[in-house]
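Colleague: Predicted structure and sequence below. I'll ask about it afterward.
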Amino acid sequence: MFEGKTEAQARQEILEMVGAYCDKYHQKKPYAEGDRIPYASRVYDRQEMMNLADSTLEFWLTAGRYTDQFEKKLAEYLQVRYCSLVNSGSSANLLAFMALTSPLLGERQVKPGHEMITVAAGFPTTVTPAIQYGVVPVFVDVTIPQYNIDVSRLEEACSDKTRVVMLAHTLGNPFDLGAVKDFCARHDLWLIEDNCDALGSRYTIDGQERFTGTVGDIGTSSFYPPHHMTMGEGGAVYTDNPLLHRIIRSFRDWGRDCVCPPGRDNLCGHRFDRQYGQLPPGYDHKYVYSHFGYNLKATDMQAAIGCAQLDKFPSFVERRRHNFDRLYAGLKGTEEKLILPEAAENSRPSWFGFLITCREGVDRNHVVQYVEEKGVQTRMLFAGNLTRHPCFDQMRRTGQGYRVAGELVNTDRIMSDTFWVGVYPGMTDEMTDYMAKTIREAIGM
């Protein structure tokens, strides 16, 4: 088949065949009313599949040239100095928090018994890293219809043990970064932005529009299939702080002190001529560990898909905004029965979903079951109230600590009355209009 061809020619022929295969067998059928409308779905074409095939033909498998390319491209897009690719958004959150426990941070090192301010109305992996490291989560209520932290409660949540604020931008809607950033600066606190549901969202702070995830000390992203872009599994951690970047890379790469990438040795030129800890002089620097870390790297095959997705990403963001606006327009006039979502002041969201809260007298379960039966997929706002879940029963039994600052009134309401539908970029206007029509039918409007 490849007789007389160079390796490059053979590879190109294979890639063109893969592209043609994608064109023929991976094209979605046009939407027809009544077809299932998922809350999220992958949006891709031949380039993702060709990149994946290209990576597999190279057979490097672990982090390599596509990883380097992806980290550079995402950092350039977000306008940050450093980006580290990891194997999931949950690992990104773990790594971001774990970086703050490094002894290299001196007096600002986060230790067991310290506290982290967060919210219970969200996804558990924003909170899990703190619990894993013996840090006490302090839960604050949220506002409706922004579904983000009620910043008026921050001072009440703060104590002499507070060291970190870690918050997610809910379904693409930025939290009040101006107020939270100012609070953290006044109290000398770390700020981690869980940006897993908000990649591409922007917020204007100090007169400058910036991407969410880049205002705090560390930002995180997820590339799981429902998210703003995908590489199957995958995530990223990004920062402008060179020390935090060094720590993040160490924890991600087994906890080692060496910064050489896989397959490369002695970039610093001092691999065998230094002494570390109580090791013998000249001990191989590739096997010196400055932290207790993990292997949280992604594969180059995942990164190859991500590179193709990044090229499309600005159009994904614009389509999400378009779909959100169209659905909002389609639900205008339902406000006596539904609370529609509201963008945070000073923000330009890259919407992950469209949150709806049922007013008194409207049964969420009835609405959800009706639209699901009509083919529209729905989701709850993740945990609803995380402290109501069985994992917190165990915490209460064992006496492991957490605090609630005030009451979680809106959080409980979200648990009982709120749901959301998707606005992913693969949606057509016909799909969005059908969702609006179906929701209106469910509430008798």
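Modeller: That came in fine, so what should we check first? Numbers count the residues shown, from 1 in each chain.
Colleague: what about A8, how many neighbours?
Modeller: When neighbours are defined as other C-beta atoms under 10 Å, A8 has 8 of them. To be clear about C-beta, it is placed using only N, CA and C from the backbone, and glycine gets the same treatment.
Colleague: and it, what pLDDT?
Modeller: The predicted local confidence for A8 comes out at a pLDDT of 92.
Colleague: A strand includes it, no?
Modeller: No - if the criterion is DSSP: H, G, I helix; E, B strand; the rest coil, then A8 is helix and not within a strand.
Colleague: List the contacts of D265.
Modeller: By C-beta atoms under 8 Å, 6 or more residues apart in numbering, D265 lies in contact with 271, 286.
Colleague: Now do the SS call for it.
Modeller: Classification of D265 into helix, strand or coil gives coil, according to three-state DSSP.
Colleague: same check, this time on the one 4 residues further on
Modeller: Under the three-state scheme (three-state DSSP), the conformation of G269 reads as coil.
Colleague: how about the helix or strand of the chain with the lowest mean pLDDT: buried residues?
Modeller: When the helices and strands of the chain are compared on mean pLDDT, DSSP states H and E, helix 390-398 comes out lowest with a mean of 84. Of the residues in helix 390-398, those scored as buried under the neighbour-count criterion (16 or more other C-beta atoms under 10 Å) are 392, 395.
Colleague: Which residues does that helix contact?
Modeller: Under the contact criterion C-beta under 8 Å, 6+ apart, helix 390-398 has outside partners 124, 131, 386, 401-402.
Colleague: where along the stretch 1-150 of the chain do the strands fall?
Modeller: Under the criterion DSSP state E, counting those that start in this stretch, the stretch 1-150 of the chain carries strands at the ranges 82-86, 115-119, 136-140.
Colleague: contacting residues around the last one?
Modeller: Read that as strand 136-140. By C-beta under 8 Å, 6+ apart, the surrounding residues in contact with strand 136-140 are 113-120, 127, 130-131, 149-150, 153-154, 156-157, 159, 161-162, 386-387, 401-406, 408, 411.
Colleague: roughly how far out does that strand sit from the chain middle?
Modeller: Using C-alpha atoms, centre = their mean, to the nearest Å, the mean C-alpha position of strand 136-140 is found 20 Å from that of the whole chain.
Colleague: Measure how it sits relative to strand 115-119, angle-wise.
Modeller: Strand 136-140 and strand 115-119 meet at an angle of 30 degrees, taking axes from the mean of the first three to the mean of the last three C-alpha atoms, to 10 degrees as the criterion.
Colleague: Helices of the stretch 51-200 of the chain, start to end?
Modeller: Under the criterion DSSP state H, counting those that start in this stretch, the stretch 51-200 of the chain contains helices at 65-78, 89-99, 128-132, 154-157, 177-187.
Colleague: just the ones you listed: most buried one?
Modeller: For the helices of the stretch 51-200 of the chain, average neighbour numbers computed from mean count of other C-beta atoms under 10 Å are highest in helix 89-99, which has a mean of 27.
Colleague: Could you identify the longest helix within the protein?
Modeller: In the chain, assigned by DSSP state H, the helix with the most residues is helix 300-330.
Colleague: So what are the sheet partners of the helix or strand following it and their directions?
Modeller: Next helix or strand after helix 300-330 toward the C-terminus (DSSP states H and E): strand 338-339. In the sheet containing strand 338-339, the strands it pairs with under DSSP bridges are strand 353-358 (antiparallel).
Colleague: Quick one: work out the angle between the strand it pairs with and helix 300-330.
Modeller: 40 degrees.
Colleague: Need the contact partners of strand 353-358.
Modeller: 39-40, 144-145, 147, 170-172, 197, 324, 327-328, 331, 337-341, 364, 367, 379, 381, 413-414, 417-423, 439, 443.
Colleague: Just the angle for whatever helix or strand comes next after it relative to strand 353-358, thanks.
Modeller: Along the chain past strand 353-358, the next helix or strand (assigned with DSSP H and E) turns out to be helix 364-373. Between the axes of helix 364-373 and strand 353-358, defined by the same axes, to 10 degrees, the angle is 140 degrees.
Colleague: buried stuff in helix 364-373?
Modeller: When burial is assessed from 16+ other C-beta under 10 Å, helix 364-373 yields the following buried residues: 364, 367-368, 370-371.
Colleague: With stretch 98-116 instead?
Modeller: Within stretch 98-116, judged by 16+ other C-beta under 10 Å, the buried ones are 98-102, 110, 114-116.
Colleague: Same check on stretch 290-302?
Modeller: 290-291, 293-294, 296-302.
Colleague: Switch these over to TSV; also include pLDDT.
Modeller: Converted to TSV, the buried residues of stretch 290-302 look like this (pLDDT from 0 to 100):
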residue	pLDDT
S290	92
H291	94
G293	94
Y294	95
L296	97
K297	96
A298	97
T299	96
D300	97
M301	97
Q302	97
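Colleague: per-domain residue ranges of the chain.
Modeller: Under automatic domain parsing, the residue ranges defining each domain of the chain are 53-302, 313-442.
Colleague: how about those domains, which one is nearest G34?
Modeller: Shortest distance between G34 and the domains of the chain, using C-beta to C-beta, is found for domain 313-442: 5.8 Å.
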